[in-house]
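1. Just a sequence and a predicted model for now, questions to come.
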There are 2 protein chains.
Amino acid sequence: MSGFKGKVWLAAAAVCAAALSVPAVSHFDDKEMPQSYRQSYFALLAANFGPMVASVKGEVPWDQVKMENWANDLAALSTLDVMRGFVDGSDKGTTRAKPEIWQDKADFTSKMETLHTELASLQQVTAGGDREAIAKQVGAAGKACKSCHDEYKAENYLY
Amino acid sequence: MSGFKGKVWLAAAAVCAAALSVPAVSHFDDKEMPQSYRQSYFALLAANFGPMVASVKGEVPWDQVKMENWANDLAALSTLDVMRGFVDGSDKGTTRAKPEIWQDKADFTSKMETLHTELASLQQVTAGGDREAIAKQVGAAGKACKSCHDEYKAENYLY
């Protein structure tokens, strides 16, 4: 690619990209808040899963279209490579991620894969429209969250 | 769903979910950092687009597998309903999102749809493996970012 000449739109592209959590890549825009890859990821999961739980619990009115949108967003998010947020050496900073994650990466990865599977199912089940089935699958996905939190998420920030 | 009895796993599900940016839903976990839906979204976009730009510029070695992973993640992210992060009334807080977004939501939405299209193309082109074509499409996606930033992203935080 060294012969590539289109520097103008590469400059434009650079403006777009803040290289968060990417070693060896310069910061394109240092005015961004330092949100980490993994915290952003879990914030988006929560922002979609939270209202599904609230709907199932009857805390907010059931809206089938919204339920499907949330389930679709969760399924899309679950395809992301979240382990990028847990690379070796990233167990520092303002975090509730316990050191045990880095000590048993295989177990943690396996739990994230379970979550992926449960969220893929949630998308399918939600599309089906059967509220009781949806509630069950919301519960199954919640269990996948919890099994990981119990072991790997600290009660308070560690640093 | 009021008759639904599986309160145990709903409680488990609730532990998982912090209801960020979701009005009328109680906070499940108030120890999280207040990362907003839209800032988390753009942080993840940047974390995937940044290294693609750096690769095209030759700042980091080209890794075709990683390029495809980043492009896949971008395509998945671009399917999310990011406009949820720009609902009416959300033009407050620590933000670089200009008020003009809320004044011309249709134009902003259209620009986000252009980005969606460009990122879907980026996934396809990257899978093809032609570096020059990939560089061109990274540029096109970067232009989509920039056209929105120019109009709607402030130089510094507004509040």
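-> Okay, I see it.
2. Quick one: the helices in chain A, in order.
-> Listed in chain order, the helices of chain A (DSSP state H) span A:7-16, A:37-56, A:64-78, A:100-103, A:105-128, A:131-152.
3. Looking at those, spot the one closest to A:G89.
-> Nearest to A:G89, of all these, is helix A:100-103, at 8.5 Å by C-beta to C-beta. To be clear about C-beta, it is placed using only N, CA and C from the backbone, and glycine gets the same treatment.
4. list the buried ones in that closest one?
-> A:I101, A:W102 (16 or more other C-beta atoms under 10 Å in any protein chain shown).
5. Return the list of helices and strands in contact with that helix.
-> Using 3 or more C-beta pairs under 8 Å, 6 or more residues apart in numbering or on different chains; DSSP states H and E, the elements in contact with helix A:100-103 are helix A:131-152.
6. wait, does the helix it packs on contact chain B?
-> Yes: counting by C-beta under 8 Å from any C-beta of the partner chain, chain B is contacted by helix A:131-152 at A:131-132, A:135-136, A:138-143, A:145-146, A:149.
7. Buried ones from those residues, can you make that a ChimeraX selection?
-> Restricted to buried positions by 16+ other C-beta under 10 Å, the ChimeraX selection for those reads:
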select /A:131,135,136,138,139,140,141,142,143,145,146,149
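8. Just give the nearest non-adjacent residue to the residue nearest the centre of chain A, would you?
-> The centroid of chain A falls nearest to A:Y41 when counting by C-alpha atoms, centre = their mean (3.1 Å). Leaving out its chain neighbours, the residue that sits closest to A:Y41 by C-beta to C-beta, 6 or more residues apart in numbering or on different chains is A:V82, at 5.2 Å.
9. residues near the one you found, how many?
-> Using other C-beta atoms under 10 Å in any protein chain shown, A:V82 has 20 neighbouring residues.
10. Can you tell me which of the helices of chain A is packed in deepest?
-> Neighbour counts (mean count of other C-beta atoms under 10 Å in any protein chain shown) averaged over each of these peak at helix A:37-56, with a mean of 25.
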